[in-house]
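Enquirer: what's the 3D shape of this:
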Amino acid sequence: MLKGIHVPLVTPFASTGEVAAGALDKLARRVLDEGASGLVALGTTGEVAALTPAERAQVVEVCAEVCRERGAPLTVGINGNDTRSVLAALEELPPDVTAALVTVPYFLRPSERGVVAHFEALADGTPVPLVIYHIPYRTGQAVGAATLRRLGGHPMIAGVKYATGGVDQDVLDLLGDLPEGFDVLGGDDAVISPLLAAGASGGIMASANLAPADFADLAAAWSAGDVTRARDLGHRLTRLSAALFAEPNPAVTKGVLHAQGLIPTPDVRLPLLPASEPSITTALALLG
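Expert: Residues are numbered from 1 along each chain as shown. From the prediction side, this is the model:
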C-alpha cells in the first residue's frame with residue numbers, strides 16, 4: 001500500500017475563489033497515469049488548514065472517485081493535536097479511504113510517552129491504517145527511532161512519513177531494524193534519493209505534482225539497484241525540489257501548474273501569497 005511515490009495534491013482554486021473540482025480531478029488522473037502509486041488528499045500541500053469542512057469533503061470525494069477508478073490507494077491527512085478530536089475525524093472518514101496521515105501532536109509538545117499513548121489510542125479505534133507524519137520543524141516535537149519502532153509494531157500503524165529535513169541517524173537506525181509491515185516514506189523532497197538508497201519504501205512528494213513520472217522512475221531505479229540512473233535522477237530532482245520550495249509550499253508549484261495550463265489560477269489562500277515570477281520561471285526551466 002505504501003510503496004512508491006504518493007502525490008499530495010494541491011487544491012486548485014477557481015478565479016471566484018472556490019475549489020476547482022474539475023481541475024483537481026484532472027490533476028489526480030494525470031499523476032496516477034504518469035506513474036504515481038497513490039494520492040494524498042488534505043495534506044499541507046493541499047492547503048488543508050485554509051479549507052472549510054465542506055471543501056475538505058469535496059476534495060476527498062474527488063480524489064476517492066479517481067482512486068476507485070484507477071485502483072490506487074488514497075491517503076487522507078488528519079490534523080489535530082488532541083486525541084479525541086483526531087479519533088473522531090478518523091471515524092468519519094468515508095469508506096474509500098485507504099489510510100490516514102496523522103501528524104505527531106503539535107504545539108502541546110507531549111513527551112514521547114505521550115506520543116506513544118496518543119497513537120496507540122488512535123490505532124486501537126481507527127477504521128483505516130495510520131501513517132505517522134513526523135515533521136518536527138512544524139510540530140516542535142522530536143520522535144526517536146525507538147518510539148517509531150514501538151508504534152510500528154501495532155497492526156493498525158502502517159508507516160511513517162519521515163520529514164526531519166535530512167537523512168539523520170534516527171531514520172538510519174529505524175531503517176536498519178523495521179517492524180514487519182511498517183514502511184518509511186520520505187517527506188522531504190530534496191533528500192528523497194538518499195533516503196530511498198538507504199531503504200525507504202517510497203515518498204510523499206509535493207514536487208511530484210509536476211514530475212510524477214520522474215519521481216516514480218527514481219523510486220523504481222533505487223528498488224532495482226540501478227545506481228547510475230538513480231543518482232542522475234536524484235540530482236536533477238533535488239534541483240527541481242529546491243526551486244519549488246524557494247517560497248512557501250505550494251505557491252511555486254501552483255504557479256508552475258497554472259503556467260502549464262493545468263489549473264485555472266495560481267492562487268493560494270492567506271496567509272500564503274502567490275509565488276513570484278522569478279521563482280516560477282526558474283522552476284519551469286528545470287522542468288525543461
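
Enquirer: which of the three states applies to residue 40?
Expert: Secondary structure, DSSP: H, G, I helix; E, B strand; the rest coil: residue 40 is strand.

Enquirer: distance of it from residue 102?
Expert: With distances defined as CB to CB, to the nearest Å, the gap from residue 40 to residue 102 amounts to 12 Å. In this view, the C-beta of every residue, glycine as well, is placed from N, C-alpha and C.

Enquirer: swap in residue 110?
Expert: Relative to residue 102, and taking CB to CB, residue 110 is found at 14 Å.

Enquirer: residue 80 too?
Expert: If you measure residue 80 against residue 102 using CB to CB, the figure is 8 Å.

Enquirer: these two - which one has more neighbours?
Expert: Shown here are residue 80 and residue 102; by other CB atoms under 10 Å, residue 102 has more neighbours (26 against 17).

Enquirer: which residue is the nearest non-sequential neighbour of residue 121?
Expert: With CB to CB, 6 or more residues apart in numbering as the measure, residue 83 is the residue that lies nearest to residue 121, at 5.2 Å, once sequence neighbours are left out.

Enquirer: just residue 136 next, same as before
Expert: Beyond its immediate neighbours in the sequence, the residue positioned closest to residue 136 (CB to CB, 6+ apart) is residue 142, lying 5.3 Å away.

Enquirer: give me the neighbour count for that neighbour.
Expert: Going by other CB under 10 Å, the residues that sit close to residue 142 add up to 14.

Enquirer: now the common contact residues for residue 80 and residue 102.
Expert: residue 86 (CB atoms under 8 Å, 6 or more residues apart in numbering).

Enquirer: can you map out the strands along the stretch 101-250 of the chain?
Expert: Shown for the stretch 101-250 of the chain, the strands assigned by DSSP state E, counting those that start in this stretch span residues 130-134, 157-162, 183-186, 202-204.

Enquirer: describe which strands the third one pairs with in its sheet and in which direction.
Expert: Put plainly, it is strand 183-186. The sheet places strand 183-186 alongside strand 157-162 (parallel), strand 202-204 (parallel), with pairing taken from DSSP bridges.

Enquirer: how about that strand as CSV, C-alpha atoms only?
Expert: Output in CSV follows, covering the C-alpha atoms of strand 183-186 (Å, rounded to 0.1, in the frame of the first residue of the first chain):
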residue,chain,number,x,y,z
ASP,A,183,7.1,1.4,5.9
VAL,A,184,9.2,4.5,5.9
LEU,A,185,8.1,7.2,3.3
GLY,A,186,10.3,10.2,2.7
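
Enquirer: what lies in contact with it?
Expert: The set of residues external to strand 183-186 that reach it, using CB under 8 Å, 6+ apart, is 2-3, 6, 131, 158-163, 171, 174-175, 178, 192, 195-196, 199-205.

Enquirer: buried ones among the residues you listed?
Expert: Buried members of the contacts of strand 183-186, scored by 16 or more other CB atoms under 10 Å, are 2, 6, 131, 158-163, 171, 174-175, 178, 192, 195-196, 200-205.
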